[in-house]
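A.B. asks: Provided below are the primary sequence and the corresponding predicted coordinates.
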2 protein chains.
Amino acid sequence: MQEVAIAGIGQTKIEEHWEKSLRELAGEAALCALEASEIRRVDAVYVGNMMSSSANNQQHLGPYIADWIGMRYSEALRFEAACSSGAAAFRAGVMAIASGELESVLVVGVEKMTDSPGDEITAALATAADADWEVDQGITFVALNALIMRRYMFEYGWEKKDFAPFSVNAHANGAHNPNARFQSPISEADYLRAGMIADPINLMDASPMGDGAAAIVLLACDSPFRKPDQKKVKVAASAAATDTIAAHSRTEATWLKAAEQSSRQAYAQAGLTQTEIDFFELHDAFSIMAALSLEACGFAERGQAPRLALEGEIRPSGKIPISTRGGLKARGHPVGATGMYQLVEVVQQLRGEAGETQVENARVGMAQNIGGSGSNIITHILKSE
Amino acid sequence: MQEVAIAGIGQTKIEEHWEKSLRELAGEAALCALEASEIRRVDAVYVGNMMSSSANNQQHLGPYIADWIGMRYSEALRFEAACSSGAAAFRAGVMAIASGELESVLVVGVEKMTDSPGDEITAALATAADADWEVDQGITFVALNALIMRRYMFEYGWEKKDFAPFSVNAHANGAHNPNARFQSPISEADYLRAGMIADPINLMDASPMGDGAAAIVLLACDSPFRKPDQKKVKVAASAAATDTIAAHSRTEATWLKAAEQSSRQAYAQAGLTQTEIDFFELHDAFSIMAALSLEACGFAERGQAPRLALEGEIRPSGKIPISTRGGLKARGHPVGATGMYQLVEVVQQLRGEAGETQVENARVGMAQNIGGSGSNIITHILKSE
């Protein structure tokens, strides 16, 4: 099996890109990654996207984007796994190169959400949950997460203010990321006075939507097309697992079984334990998801992730830095693109290109992308070579 | 690289399944394939689907279906490449096993189109074309194909009646397929008097939509889980290519460049020429697409496919049998499932289980799935071992 290397990365700022079409947005990130890799032609273009069907009246993003970036005739596909669509496309690219079937793959995650009215986006996000058993009963995606957070607070005795450090850390880090949607730090007081969306989730627990694209060119580690002068990052593990799509069908509401399973598989593939992970780009779509991810992946005892955050251990200087470039909370969450942003940010850290929020001696980074309320969880570990 | 084998197949009849939900439909085909393979657990569930977002208000079909069929916690993803979504999912399954990353994959194509009003389905189908440059200008998907057919008739001098054999052959074969949507033969007269949809495409040139699901379990050829007593079929080639998403941007309107490219790659992978293909399950969404596919894949001279059909060479007893189980025209075209139906039918032929329309001594079969008006074309060659 071929080892897989990162040859180039690209990303756009996340904001309201009303002046750009979906293909222009994807193209910007993709061409940047191609230029960085110094490769002119790839065998395949893999696109991660969740909601272009409803938000942009456009499906079939494979050829739509491949042609736009000058890759006409190459293989081109779209992957959809709700908010984990980006990592799903990346994983497929890794497997295609590992199999020896393809030599080079450009993976691009893209989402353009802000052209549509908010209620249409709320409906589109709800397609990640169970249409018959959740959505038709009237629950939104935020409300599903609020039920989980409420239960977690009840079980472990945490109060609302104990979740503030997740949001404060994300915004502090995002302030130094020029591609982040929000680049202003917030205080605990800001967190506590934010408007409630679905009790106990307030505006500062929830990640913002946005328009954005992030891309990576993948090659085999021994490809003759790799640049010898570039600091090398390789894929050490790729693992995916699912759980029930409906949150109420799970054995336990406050445990991400699919995160536990895919992170365990990833540790085994990479031949390490979680103590060797230097930083963790997790899926903090809501504060509660950051807490549950830390626990399921072994970084905190069950029910104790808020303590880790309160003790400052999730900051860039802490034991397990998370959301080092702002996370979903501050960098933004253009849903189908998010998984690719996380991976691009891991590469930046491993190359020592993360500026003010650089994690010292970062050699092993993990990215974890969650689809639905925990129903699809894809974990990647990247390493400096 | 691991060689990949077919371990089991399953399919539902294509019709208006108003009594079944999307997951029940997918589950029926998937559980049938699992039972046939005698495997209880797969590493991954790969789903091909085009339009569940709009037609069923449900995305994230990976965990949605995996959980329903008892594969909770396994990897599960959805692949979208418009009408070639089925073959896209199958190709990903082949690569995952070839890479050694996964040991077993269940691939299921599913589409449930008849719960929605016709105009919504017409709009959903149009998302396979270019939203900005085609659809917003007012053209439907049928009209795009009509432009191509009109041009072909003009360039090569064929008349409307010369396309009758494609439809007559498909319906003659579908009459013997218990899973086909239409099981009645038609005559040339029936073809000629059918109502016009978008001149020159009439109702008998166009494939019907429908609800359906088809599934295949894939294993490595040397897997210990394969049944020794089952006639063995393996994947000899898998190749994909794209063209511009907008038909008017192509160099030539009447040549399927992506079919040419992916079939050439497939012949090279399988180590054969098109003369060794015993039958061809092609993508006859419209008669013109059957003609163009035969030419691009080397079975007819350019502009001469209607002659092949008029001479009877596309029938089960002919030189290159096509649509042997009814094709898209008579078996039906539940868009994201179609690619999987084609592959299931190739397996049936190679196992000698195709009944009245069995191709004699069928040892090498090709399936080709087209997305958009020729913008995404995926070719597979299967062989008896």
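C.D. replies: Looks like it arrived, so ask away. Residues are numbered from 1 along each chain as shown, chains lettered A, B, ... in the order given.
A.B. asks: could I get the full set of strands for the stretch 51-200 of chain A?
C.D. replies: Ranges of strands in the stretch 51-200 of chain A, per DSSP state E, counting those that start in this stretch, are A:75-80, A:104-112, A:196-198.
A.B. asks: rebuild those as TSV, extending it with distance to chain B.
C.D. replies: All C-beta spots, glycine's among them, are computed from the backbone N, C-alpha and C. Output for these, formatted as TSV (distance: least, Cβ to the nearest Cβ, whole Å):
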stretch	distance to chain B
strand A:75-80	4
strand A:104-112	11
strand A:196-198	20
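A.B. asks: let's have those strands in TSV, adding mean pLDDT, mean neighbour count and distance to A:R181.
C.D. replies: Below are those laid out as TSV (pLDDT from 0 to 100; neighbours: other Cβ atoms under 10 Å in any protein chain shown; distance: least, Cβ to Cβ, whole Å):
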stretch	mean pLDDT	mean neighbour count	distance to A:R181
strand A:75-80	97	32	23
strand A:104-112	98	31	12
strand A:196-198	97	17	17
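A.B. asks: not counting sequence-adjacent ones, nearest residue to whichever residue of chain A sits closest to chain B?
C.D. replies: Residue of chain A nearest chain B, by Cβ to the nearest Cβ: A:S99 (3.3 Å). Excluding the flanking residues, the one nearest A:S99 by Cβ to Cβ, 6 or more residues apart in numbering or on different chains is B:S99, at 3.3 Å.
A.B. asks: and for A:I201?
C.D. replies: Using Cβ to Cβ, 6+ apart, the nearest residue to A:I201 is A:A146, at 4.6 Å.
A.B. asks: need the contact list for the one you found.
C.D. replies: With contact taken as Cβ atoms under 8 Å, 6 or more residues apart in numbering or on different chains, A:A146 is in contact with A:I197, A:A198, A:D199, A:P200, A:I201.
A.B. asks: what does the pLDDT read for it?
C.D. replies: At A:A146, the pLDDT value in this model is 98.
A.B. asks: wait, A:I197 touches A:M204, no?
C.D. replies: No - applying Cβ atoms under 8 Å as the test, A:I197 and A:M204 come out as separate, 9.8 Å apart.
A.B. asks: and A:F163, what is it in contact with?
C.D. replies: By Cβ under 8 Å, 6+ apart, the neighbours of A:F163 are A:M149, A:Y191, A:D205, A:S287, A:I288, A:A291, A:P306, A:A309.
A.B. asks: whoops, I mixed them up, A:S74
C.D. replies: When contacts are counted by Cβ under 8 Å, 6+ apart, A:S74 touches A:R41, A:V42, A:D43, A:A44, A:V45, A:A66, B:A241, B:T242.
A.B. asks: quick one, strands of the stretch 201-350 of chain A?
C.D. replies: For the stretch 201-350 of chain A, applying DSSP E, counting those that start in this stretch gives strands covering A:201-202, A:211-220, A:233-242, A:279-281.
A.B. asks: in contact with the spatially most central residue of chain A, which residues?
C.D. replies: Centroid-nearest residue in chain A, with Cα atoms, centre = their mean: A:G339, separated by 3.0 Å. The contact partners of A:G339, by Cβ under 8 Å, 6+ apart, come to A:48, A:83-90, A:109, A:367, A:369, A:378.
A.B. asks: can you rerun that using 7 Å?
C.D. replies: Contact analysis of A:G339 by Cβ atoms under 7 Å, 6 or more residues apart in numbering or on different chains lists A:G48, A:S84, A:S85, A:G86, A:A87, A:F90, A:G109, A:N369, A:I378.
A.B. asks: for A:P321, same thing?
C.D. replies: Counted by Cβ under 7 Å, 6+ apart, A:P321 has contacts A:F279, A:I314, A:R315, A:V359.
A.B. asks: how about residues contacting stretch A:299-309?
C.D. replies: Contact partners of stretch A:299-309, identified using Cβ under 7 Å, 6+ apart, comprise A:155-156, A:158, A:162-163, A:165-166, A:274, A:280, A:291, A:294-295, A:314, A:320.
A.B. asks: list the buried residues of it.
C.D. replies: Residues A:F299, A:A300, A:G303, A:A305, A:P306, A:R307, A:L308, A:A309 are the ones in stretch A:299-309 that count as buried (16 or more other Cβ atoms under 10 Å in any protein chain shown).
A.B. asks: stretch A:310-330 now?
C.D. replies: A:310, A:313-316, A:318, A:320-330.
A.B. asks: same question for stretch A:242-262.
C.D. replies: Neighbour-count burial for stretch A:242-262, counted by 16+ other Cβ under 10 Å, picks out A:242-247, A:250, A:253-262.
A.B. asks: still on that earlier bit, restricted to helices, list the buried residues of stretch A:299-309.
C.D. replies: Filtering the buried residues of stretch A:299-309 for membership in helices, criterion DSSP state H, returns A:A305, A:P306, A:R307, A:L308, A:A309.
A.B. asks: returning to that earlier point: how about CSV for the strands of the stretch 201-350 of chain A, with distance to B:S223 and mean pLDDT added?
C.D. replies: Converted to CSV, the strands of the stretch 201-350 of chain A look like this (distance: least, Cβ to Cβ, whole Å; pLDDT from 0 to 100):
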stretch, distance to B:S223, mean pLDDT
strand A:201-202, 46, 98
strand A:211-220, 25, 97
strand A:233-242, 21, 97
strand A:279-281, 35, 98
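A.B. asks: which parts of the stretch 1-150 of chain A sit against chain B?
C.D. replies: Contact residues (Cβ under 7 Å from any Cβ of the partner chain) of the stretch 1-150 of chain A with chain B: A:1, A:21, A:50, A:53-54, A:56-60, A:62-64, A:66-67, A:72-82, A:88, A:92, A:95-96, A:98-101, A:127-128, A:130-132, A:135.
A.B. asks: can you select the buried ones from those in PyMOL?
C.D. replies: Only the buried entries of the residues of the stretch 1-150 of chain A next to chain B go into this PyMOL selection, using 16+ other Cβ under 10 Å:
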select buried, chain A and resi 21+50+53+54+56+57+58+59+60+62+63+64+66+67+72+73+74+75+76+77+78+79+80+81+82+88+92+95+96+98+99+101+127+128+130+131+135
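A.B. asks: out of the residues of the stretch 1-150 of chain A next to chain B, list just those in helices.
C.D. replies: A:S53, A:S54, A:G62, A:P63, A:Y64, A:A66, A:D67, A:A88, A:A92, A:M95, A:A96, A:A98.
A.B. asks: need the max-distance pair from those.
C.D. replies: Distance extremes for these: the farthest pair is A:S54 and A:A98 at 33.5 Å, using Cβ to Cβ.
A.B. asks: how near is A:T244 to B:E295?
C.D. replies: 48 Å (Cβ to Cβ, to the nearest Å).
A.B. asks: for A:E75, same thing?
C.D. replies: 22 Å.
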